[in-house]
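[1] Got a predicted structure plus its sequence, pasted below:
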Amino acid sequence: MSADEILSSVSHVSDETEFYTPLPAGYAKGRTKYVVTFGTVMSGLGKGIFSSSLAKILQDKGLKVAPIKLEGYLNRDSGTLNPFRHGEVFVLDDGMECDMDLGTYERMLDQDLTRLNFSTSGQIFATVIEKERKGLYLGRDVQMIPHVTGEVKYRLRELAVASRADVVFVEIGGTVGDVENAYYIEAVREMAYEEGAENFCFVALTYVIEPQSLGEQKSKAAQINLKLLNAAGIQPHIIACRAHRPVAQKAREKLALYANVPMNRVFSMHDCESIYLIPEMLHGAGIDQAVLDILHVQPLVDEQREEQARRTWNGYIGKFRGAAHPITVGIIGKYTTVRDSYASIIQALEHAGTQSNARVQMEWVDSSELTASNVADRLMHIHSVIVPGGFGFRGVDGKLECIEYVRMSGVPYLGICYGMQMAVIEFARNVLGLKYAGTTELDRDCADPVIDLLPEQKRIEGLGGNMRLGGFDVVLKPESLIHRLCGGQDHIRLRFRHRYEVNPAYIERLEAAGMIFSGKAPHHPIMQVLELPERLHPFFLATQAHPELTGRPLNPSPFFLGLVRASLKRSGIEPPPFPAKPAEPLLRSESRSASANAGNLGGSPANLVDA
Ligand code: GLN
């Protein structure tokens, strides 16, 4: 771009231009409103759950919503993060590896999100530095304000343009007072000024402490931390108080007075048994009405639609509460002490259980503790088993013992990604008699590499390419178990995050011994779903994908639905009639990314080994 072109594209007010624009093409001020959620006092308050629940109630009213999470860390994406410390890596259809909160947004809103819905400081700074190297700032010193904050404002407005949302929901990661997110807070402060009072709503999520020794709720920490927000130039419109029990009037009164927020806009958001109860809790408290009033968007509300949406959602809640039959699913993993690393699996089981009238209990089994001599005892009372995704050596022997046991004893099995690869290795060793069958992930010189690097991967190896990431189509084999579970659909779309796959050289032998590859990539010999026929096993299903990422409350993943139904049978209960076709969610996913990929090979350059 020439200097003149840059100048003409700069829409900032001053003559003394800083050579940047916070306004993307096509942006119309006032067309989109913004709700920004901050966390105060501490992290882990459930900002994503809150923000997505609020977005959901507005969506139910007929408003078009789009969420975005602004992460403070310098990683470009979440691909290199250890799930043990940060929770699972959630993969979007376009291949973006992001924070688990994006999963909450997708499930609450029944929307497929894209990379526009997720930003990290790493991305923001990289963009600014790239522009600097290209000379686009024309001799100016590049500064946090306006260049970096300008980039943040650009991102938010870019999402507004691309999504054509009525309301963009911004979640700022971390806690007010952190160094990492201070420039995000400054950016939204500036943006609220630029957009005008009617177009911005600031919500402070805070925490009201209840020390056991006092048995009383204390609001001091919340008061002090809310002042930090004021110090950053932001006056919240709404305060939502997280607490174990409903927040008492007295604590709310104090917060109202000290934080300068009317009492009727200080709400309690206490713990409840499922996150899907929160939209109704927020509606009952009147937060939705407060937001409509602040943003002046009442005219956009379609009451009929809202009533229908709430009825459907409450139907789900009613079924969840009334689910009658307990079943126990064993999850044979590595990070069994940190539930967040399996967040989507837990959710997918809840959705499938709710639809099947089953109350799913999860039993976490550390695979590194399983051996040939204890596996039967350890799994005897379990109705089904999941071996989830993973990388590296730890616990692999235990997973193979577990799979051999469930295959031989007819316990329902769902293998996810590494869990599918392990199923192939177990089958090759114990059924085909290939004693040294294995994966080149663990042994490069393995005698029978039944799991090997992807052919595409081999081509780009050494060029920094990495994993097969994101959504891909899967062609299903007619009359197979998965074909039936998908209501007879011939194609489905699943999300992937893997580097290795079934070695095509062994497929014929595996099939001859009974293994069925019932889901394949349309144009490549990539085995994406496998199963055992009913004559060999009542329910043995595995996939190279991560079906837990695309399960939705009103439209559960067929893989999990199948597993839960097989678990019910194993516990002696006949499952309810199978839904004729997948339940129709109230809102069809509308935002499948325009850039929805035809395949991604890329992702973070780190080598994910036994994190
Ligand atoms: N480690 C295996 C691979 O890279 C499986 C990955 C996973 O389970 N997500 O292919």
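    Yep, that arrived.

[2] Averaged pLDDT, stretch 385-394. What do you get?
    Within the predicted structure, the mean pLDDT of stretch 385-394 is 93.

[3] Could you tell me the end-to-end distance of that stretch?
    18 Å (Cα to Cα, to the nearest Å).

[4] So what's the predicted local confidence for the nearest residue in space to residue 426 that is not next to it in sequence?
    Of all residues beyond its chain neighbours, the one nearest residue 426 is residue 403 (4.4 Å), with distances taken as Cβ to Cβ, 6 or more residues apart in numbering. In short, each C-beta sits where N, CA and C put it, glycine included. The confidence metric pLDDT takes the value 98 at residue 403.

[5] residues contacting residue 403?
    Neighbouring residues of residue 403 by Cβ atoms under 8 Å, 6 or more residues apart in numbering: 387, 413, 415, 422, 423, 426.

[6] burial of the fourth one, as a residue count?
    For residue 422, the count of nearby residues is 23 (other Cβ atoms under 10 Å).

[7] Specify the beta-bridge partners of residue 170.
    Beta-bridge pairing of residue 170, defined through DSSP bridges, involves residue 36, residue 68.

[8] In this structure it contacts residue 68, no?
    Yes: taking contact to mean Cβ atoms under 8 Å, the distance of 5.5 Å between residue 170 and residue 68 places them in contact.

[9] picking that back up, name the residues of whichever strand or helix holds the residue nearest to residue 426 that come out as buried.
    Secondary structure here is read from DSSP states H and E; on that basis residue 403 sits in helix 396-409. By neighbour count on 16 or more other Cβ atoms under 10 Å, the buried set for helix 396-409 is 396, 398, 399, 400, 401, 402, 403, 404, 405, 406, 407.

[10] how much space is there between the second one and residue 430?
    Using Cβ to Cβ, to the nearest Å, one gets 15 Å for the distance from residue 398 to residue 430.

[11] For the stretch 351-500 of the chain, which segments count as helices?
    Per DSSP state H, counting those that start in this stretch, the stretch 351-500 of the chain carries helices over the ranges 375-379, 396-409, 418-430, 455-460, 481-485.

[12] mean pLDDT lowest for which of these?
    Of all those, mean pLDDT reaches its minimum on helix 455-460 (a mean of 63).

[13] Now the residue positioned nearest the centre of the chain: closest residue in space, sequence neighbours ignored.
    Relative to the mean C-alpha position of the chain, the nearest C-alpha, by Cα atoms, centre = their mean, is the one of residue 103, at 1.9 Å. Closest residue in space to residue 103, ignoring its immediate chain neighbours: residue 90 at 4.3 Å, by Cβ to Cβ, 6+ apart.

[14] isn't that neighbour right up against residue 342?
    No: here residue 90 lies out of contact with residue 342, judged by Cβ under 8 Å, at a distance of 11.8 Å.

[15] would residue 106 count as being in a helix?
    Yes: counting by DSSP: H, G, I helix; E, B strand; the rest coil, residue 106 is found in a helix.

[16] Could you report the neighbour count for it?
    When neighbours are defined as other Cβ under 10 Å, residue 106 has 25 of them.

[17] residue contacts, it?
    112, 113, 552.

[18] now do 7 Å
    When contacts are counted by Cβ atoms under 7 Å, 6 or more residues apart in numbering, residue 106 is found next to 112, 113.

[19] can you check residue 399 too?
    Residue 399 neighbours (Cβ under 7 Å, 6+ apart): 332, 367, 387, 422.

[20] again, but for residue 484
    By Cβ under 7 Å, 6+ apart, residue 484 has no neighbours at all.

[21] now do residue 209
    With contacts defined as Cβ under 7 Å, 6+ apart, residue 209 is in contact with 218, 221.

[22] what about 10 Å?
    With contact set as Cβ atoms under 10 Å, 6 or more residues apart in numbering, residue 209 has these partners: 41, 42, 216, 217, 218, 219, 220, 221, 222, 243, 244, 251.

[23] for the spatially closest residue to the first one that is not a sequence neighbour, phi and psi?
    By that I understand residue 41. Taking Cβ to Cβ, 6+ apart, and ignoring the residues beside it in sequence, residue 41 has residue 207 as its nearest neighbour in space, at 4.1 Å. When quoted as degrees, to the nearest 10, the phi and psi of residue 207 stand at phi -130, psi 130.

[24] Mind pulling up the pLDDT for residue 207?
    96.

[25] Please report how far it lies from residue 281.
    Residue 207 sits at a distance of 17 Å from residue 281 (criterion: Cβ to Cβ).

[26] Look at those two and report which has more neighbours.
    Neighbour totals were compared for residue 207 and residue 281, and residue 207 leads with 22 against 16 (other Cβ under 10 Å).

[27] Within the helices and strands, which one has the closest residue to residue 22 other than its chain neighbours?
    The spatial neighbour of residue 22 that comes closest, neighbours along the chain excluded (Cβ to Cβ, 6+ apart), is residue 153 at 3.8 Å. Taking DSSP H and E as the definition, one finds residue 153 inside helix 149-163.

[28] and what of residue 328?
    Residue 328 belongs to strand 325-333 when elements are defined using DSSP H and E.

[29] Packing partners of that strand?
    Under the contact criterion of 3 or more Cβ pairs under 10 Å, 6 or more residues apart in numbering; DSSP states H and E, the helices and strands touching strand 325-333 comprise helix 343-355, strand 358-366, helix 375-379, strand 384-387, helix 396-409, strand 413-416, helix 418-430, helix 558-570.

[30] Can you pull the residues of the stretch 451-600 of the chain lying near the ligand?
    Within the stretch 451-600 of the chain, the positions adjacent to the ligand are 497, 498, 499, 500 by Cβ under 6 Å from any ligand atom.

[31] Just give me the closest of these to residue 97.
    The nearest member of those to residue 97, counting by Cβ to Cβ, is residue 497 at 7.2 Å.

[32] Can you tell me the closest non-neighbouring residue to that closest one?
    Of all residues beyond its chain neighbours, the one nearest residue 497 is residue 91 (5.0 Å), with distances taken as Cβ to Cβ, 6+ apart.

[33] Also residue 195?
    residue 29 (6.3 Å).

[34] Please apply the same query to residue 395.
    Ranked by Cβ to Cβ, 6+ apart and with sequence neighbours excluded, the top spatial neighbour of residue 395 is residue 367, at 3.4 Å.

[35] What of residue 469?
    Once its chain neighbours are removed from consideration, residue 469 has its nearest residue in residue 95; the separation is 4.0 Å (Cβ to Cβ, 6+ apart).

[36] Return the per-residue confidence for the one you found.
    Confidence at residue 95, expressed as pLDDT, is 96.

[37] bridging residues for the spatially closest residue to residue 503 that is not a sequence neighbour?
    On the basis of Cβ to Cβ, 6+ apart, the spatially nearest residue to residue 503 that is not a chain neighbour turns out to be residue 452, at 4.3 Å. The residues listed as beta-bridge partners of residue 452 by DSSP bridges are residue 501.

[38] did I read that right, residue 131 in a strand?
    No: under the criterion used here (three-state DSSP), residue 131 is helix, not part of a strand.

[39] Please work out how many residues are found near it.
    In terms of burial, residue 131 registers 16 neighbours under the definition other Cβ under 10 Å.

[40] pLDDT value on the spatially closest residue to it that is not a sequence neighbour, please?
    For residue 131, ignoring the flanking residues on the chain, the nearest one in space by Cβ to Cβ, 6+ apart is residue 137 at 6.4 Å. What the model reports as pLDDT for residue 137 is 87.
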